[in-house]
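Novice: Sequence first, then the predicted structure, then my questions.
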Amino acid sequence: MGDKEEKLMTVKELAQYLRLDEHTVYRMARKGEIPAYKVAGQWRFKRKLIEKWLEDKKVGNRRNKE
């Protein structure tokens, strides 16, 4: 895998990264609450998109509409 290619994370890897239960990650992906791809019936996540999503969710962020 080249430097420009980004490794996709699995549900388990993302759950560990975010310190969430795997079921929570599945639910968030199904509801479209987290940036995700479905490949051959399995959820996958790009780390850079997850990091951007986290930044956008940061408390006090002006772009955060919640």
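Specialist: Arrived safely. None of the values given here were measured: they were computed from a predicted structure. Numbers count the residues shown, from 1 in each chain.
Novice: So what's the residue count around Met9?
Specialist: Here the count is done by other Cβ atoms under 10 Å, and Met9 has 21 residues near it. The way it works is simple: take the backbone N, C-alpha and C, and place the C-beta from them, glycine included.
Novice: do you know how far the nearest residue to Phe45 once chain neighbours are set aside is from Val59?
Specialist: By the measure of Cβ to Cβ, 6 or more residues apart in numbering, the closest residue to Phe45 outside its immediate chain neighbours is Met9, 4.5 Å from it. Using Cβ to Cβ, to the nearest Å, one gets 24 Å for the distance from Met9 to Val59.
Novice: follow-up on the earlier one: pretty sure the residue nearest to Phe45 sits against Ile50.
Specialist: Yes. If you go by Cβ atoms under 8 Å, Met9 and Ile50 touch, sitting 7.4 Å apart.
Novice: Find the residues that touch each one of those two.
Specialist: With contacts defined as Cβ atoms under 8 Å, 6 or more residues apart in numbering, the residues adjacent to both Met9 and Ile50 are Tyr17.
Novice: quick one on the thing from earlier: any idea of the pLDDT on the residue nearest to Phe45?
Specialist: According to the predicted model, the pLDDT of Met9 comes to 97.
Novice: Please report phi then psi for it.
Specialist: Listed backbone geometry of Met9 is phi -90, psi 150, with angles given as degrees, to the nearest 10.
Novice: so what's it up against?
Specialist: Taking Cβ under 8 Å, 6+ apart as the criterion, Met9 is in contact with 17, 44-47, 50.
Novice: What's the separation between Arg30 and His23?
Specialist: In this structure, Arg30 and His23 are 11 Å apart, going by Cβ to Cβ.
Novice: And Gly32, by the same measure?
Specialist: From Gly32 across to His23, the span is 17 Å (Cβ to Cβ).
Novice: before we move on, what about Lys57?
Specialist: Applying Cβ to Cβ, one obtains 20 Å for the distance of Lys57 from His23.
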